[in-house]
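Visitor: Predicted model and sequence follow; I will ask about them next.
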Amino acid sequence: MPTIQLKNINKTYSKGTNQVVVHNNFNLKIQSGEFVALMGASGLGKSTLLHLMGGLDKPTSGDVIIADQCINRLSESQLSQWRSENIGFVFQSHHLLPVLTALANVELPLALTPLNKKQRQQHAATALALVNMSDRAKHFPKELSGGQEQRVAIARAIVSDAKILLCDEPTGNLDRNTADEILSLLAKLNSDFGKTIVMVTHDLKASQYASRVIDLEHYLQSKECMSSIDDNSTKNVITKIKVCEQQGVKA
Amino acid sequence: MNMFTLIWQNSLRKKVRFTLTCLSVLVAFFLFTTLSAINNALSSNANSIDNYRLITSHKVSMTRALPINFSDKIKNINGVDKVSYSSWFGGYFQNEKQQVTMTAVDSSNYFAIYDEYQLSPAQLKKWQNTQTGIIIGSEIAKKHHWNVGDSIPLSSSIWMNRDGLFTWQFTVSAIYQGKHESTDNKKIFFQHKYFDRARAYSQNSINWLTTKISPSADNEQVIQLIDQKFANSSSPTRTITEQVFIKEQAQQFIDMAMVIKLVLSAVFFTLLLIVCNTLIQVIRERLSELAMMKALGFSATYLIIQIYAEALFLIGLGAVSGTILATLTLNSVQVNMANFLVGIYIAKSHYLISIIIVFIAAAMGSLFPAISIKNLNISQTLGAKQ
Ligand SMILES: Nc1ncnc2c1ncn2[C@@H]1O[C@H](COP(=O)(O)OP(=O)(O)OP(=O)(O)O)[C@@H](O)[C@H]1O
Ligand SMILES: [Mg+2]
């Protein structure tokens, strides 16, 4: 069973009469433990997909199934709760709170858990140690370099022990060396701690670290993208064929 | 790290802006407290009179004397229950800067009419039996550490005694406690009988007569009867209700009551605008952080509570310091203004009202921020290129 599954996703932005169809009948499966690099030209809808997987946005139609749960059916407050337990986010900008130290920033998501103060601090310290930032725990974001800030943001993403990490151009603002550091850090989190990672990136070197690279332009043309079928469902097989035929005719 | 540290840190993020906004809240609450205390002095004096009293003075001027026997003549008028009299002593303690409100009063029934100066029958008896006895208010007693039995020299700026001195010797017989919050607890009373005997001149004259009318009588009618009685005497009188008397004394302040209300409305309206503006700026600056916190799983409610708490902290801090400052100022002013604006006080309810205002202002101030947070689209806010 894949840990992330996008099924028959339609995503349309409408403003007045103007409609922007970003995704139409999009399907994707990501297995637990994968490190996926999602690549492709600007405007193809990579961030949109990531936001759908993370429950930051809802599909116009279709289902987003994460670890057996159909999250697009959840209410806003259920989604909040769900995100805090299941997903870690890393964005191009770190969005750390400038008034909190590195340690306190990492501790922030734990405010939503029943952990006590001491436990929270221990968890945060552990997460900081994992990203090699222990010596900067007491520093404020403005006292850190871009790469260090991004590492603190990664620590914050993993501190709740979410199984899935969603990263949107995490190295976008960094120089080559720093970007490599971050990429290997993510690879380590994937290999040593079993995190499932989906990373949107324009960094060509990302393929060296990821276990699977999805080039969205090609993927959009693939059968996998156009079929939503669970392999053991005959009912769906028929639909799959129909859908594929239609898509094929169009293509 | 907990919610309170975060609120604290967030509040102090822009220290200058926080301080300025806080100061404007301080000024608003300072004015609110001071003006409402003054307003109490102006209005509640009249309100707290629970039985009707008429004041009779000389028609020409309140300071001119009337013959003491007017008291008996008024007593015979229909509708009059009790009559008492008093005279102005113009007292001060030690030097003329320490003015005291001191009056010589008819010891037989003055306190039966002015029952807001609460005394036990035993206290009253003791005073009536002490020639040079004075009854003093609890506040003035506390201020000068005067106790029952103390011998106190008090001077008059008007009256010389038979020894040719302006400083008179008195003995504290009793200390009264005002019945209402607005009752002036800084007055001094002594026996008119003794006053008459001891002063060097103007025997058998008084400044004012106080008439308490019977419950069934019509005060307008009694006023007319009194003034008619003396119209053709050597001392024609003018009788007015005590409310009018107080209002005339404080005439220059009366219109202020209206001004006070206007100023207060303006102050709070401005305050609200300032707080709103600050909080809207705050939200705008932190939009991406708030979106990030939402992404991390913090609910909109959590974030709104945080902003509300921040607003509460900001307004609360200003309100508390403004109110404390006003209370301190009023306490010192009270002593200096004892003679011409009595009854300045901060009602207990004022503090309650202030607290309620703080909570409401914080709620109104965080209304727009709350809407922004509620509508904050995480995907769009975080997706935007920085
Ligand atoms: N709120 C919105 N309203 C209308 N159109 C939108 C909105 N958000 C995104 N889009 C459109 O959806 C498409 C996909 O956007 P998305 O941000 O997912 O692209 P992307 O692949 O992440 O691009 P980039 O590599 O530049 O980040 C774009 O054409 C964009 O204009
Ligand atoms: Mg993008």
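Guide: Arrived safely. Ligands and ions are numbered 1, 2, ... in the order given.
Visitor: Could you list the low-pLDDT ranges of the chain?
Guide: The chain I'm using is chain A. For chain A, the stretches with pLDDT under 70 are A:1, A:228-251.
Visitor: Correction: the question concerned chain B.
Guide: Short version for chain B, where the test is pLDDT under 70: B:1, B:42-51, B:246-256, B:334-343, B:384-386.
Visitor: State the helix or strand in which the nearest residue to residue B:287 once chain neighbours are set aside lies.
Guide: Leaving aside its sequence neighbours, residue B:287 sits nearest to residue B:381 (CB to CB, 6 or more residues apart in numbering or on different chains; 5.8 Å). Quick note: C-beta positions are derived from backbone N, CA and C, even for glycine. Residue B:381 belongs to helix B:378-383 when assigned by DSSP states H and E.
Visitor: Other residues contacting that helix?
Guide: A:47-48, A:51, A:56-57, A:91, A:93, A:95, A:168, B:287-288, B:290-292, B:294-295 (CB atoms under 8 Å, 6 or more residues apart in numbering or on different chains).
Visitor: From the residues you listed, list the ones also adjacent to ligand 1.
Guide: Among these, the ones lying near ligand 1 by CB under 6 Å from any ligand atom are A:47-48.
Visitor: Filter the contacts of helix B:378-383 down to just the buried residues.
Guide: A:47-48, A:51, A:56-57, A:91, A:93, A:95, A:168, B:288, B:290-292, B:294-295 (16 or more other CB atoms under 10 Å in any protein chain shown).
Visitor: Max pairwise distance over the residues you listed: which two?
Guide: Using CB to CB, the two most remote members of the buried ones among the contacts of helix B:378-383 are A:48 and B:290, lying 21.0 Å apart.
Visitor: so how many other residues sit close to the residue of the stretch 101-250 of chain A found nearest chain B?
Guide: Closest contact between the stretch 101-250 of chain A and chain B, by CB to the nearest CB, is at residue A:104 (4.0 Å). Residues near residue A:104, counting by other CB atoms under 10 Å in any protein chain shown, number 22.
Visitor: Give me the contact list for the helix or strand where it lies.
Guide: Using DSSP H and E, residue A:104 sits within helix A:102-107. Residues from elsewhere that reach helix A:102-107, judged by CB under 8 Å, 6+ apart: A:96-97, A:120-121, A:123-125, A:127-128, A:133, A:136-141, A:144, A:152, A:155-156, A:159, B:1, B:5.
Visitor: From the residues you listed, list the buried ones, please.
Guide: Those of these that meet the buried threshold are A:96-97, A:120-121, A:123-125, A:127-128, A:133, A:136-137, A:140-141, A:144, A:152, A:155-156, A:159, B:1, by 16+ other CB under 10 Å.
Visitor: neighbours around the residue nearest to residue B:287, how many?
Guide: Residue B:381 has 18 nearby residues by other CB under 10 Å.
Visitor: One more: residue A:17?
Guide: Residue A:17: 5 surrounding residues under other CB under 10 Å.
Visitor: Please report phi then psi for it.
Guide: Phi and psi for residue A:17, reported as degrees, to the nearest 10, are phi -90, psi -10.
Visitor: Against chain B, how distant is it?
Guide: Here residue A:17 is placed at a distance of 20 Å from chain B (CB to the nearest CB, to the nearest Å).
Visitor: Distance from the helix holding residue A:104 to the middle of the chain?
Guide: Here helix A:102-107 is found 21 Å from its chain centre; the criterion is CA atoms, centre = their mean, to the nearest Å.
Visitor: Check which helices and strands the next helix-or-strand element following that helix is in contact with.
Guide: Per DSSP H and E, helix A:102-107 leads on to helix A:117-130 as the next helix or strand towards the C-terminus. Packed against helix A:117-130 by the contact rule (3 or more CB pairs under 8 Å, 6 or more residues apart in numbering or on different chains; DSSP states H and E) you find helix A:102-107, helix A:146-158.
Visitor: Can you tell me which of those is most buried?
Guide: Ranked by mean neighbour count, those are led by helix A:102-107 with a mean of 26 (mean count of other CB atoms under 10 Å in any protein chain shown).
Visitor: Return that helix as CSV; C-alpha atoms alone will do.
Guide: What follows is helix A:102-107, C-alpha atoms only, in CSV (Å, rounded to 0.1, in the frame of the first residue of the first chain):
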residue,chain,number,x,y,z
ALA,A,102,16.8,27.9,17.0
LEU,A,103,15.9,25.5,19.8
ALA,A,104,12.6,27.3,20.6
ASN,A,105,11.7,27.3,16.8
VAL,A,106,12.3,23.6,16.6
GLU,A,107,10.2,23.1,19.8
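Visitor: Specify the local secondary structure of the residue of the stretch 1-150 of chain B found nearest ligand 1.
Guide: Nearest residue of the stretch 1-150 of chain B to ligand 1: residue B:10, at 28.1 Å (CB to the nearest ligand atom). Applying DSSP: H, G, I helix; E, B strand; the rest coil to residue B:10 yields a three-state assignment of helix.
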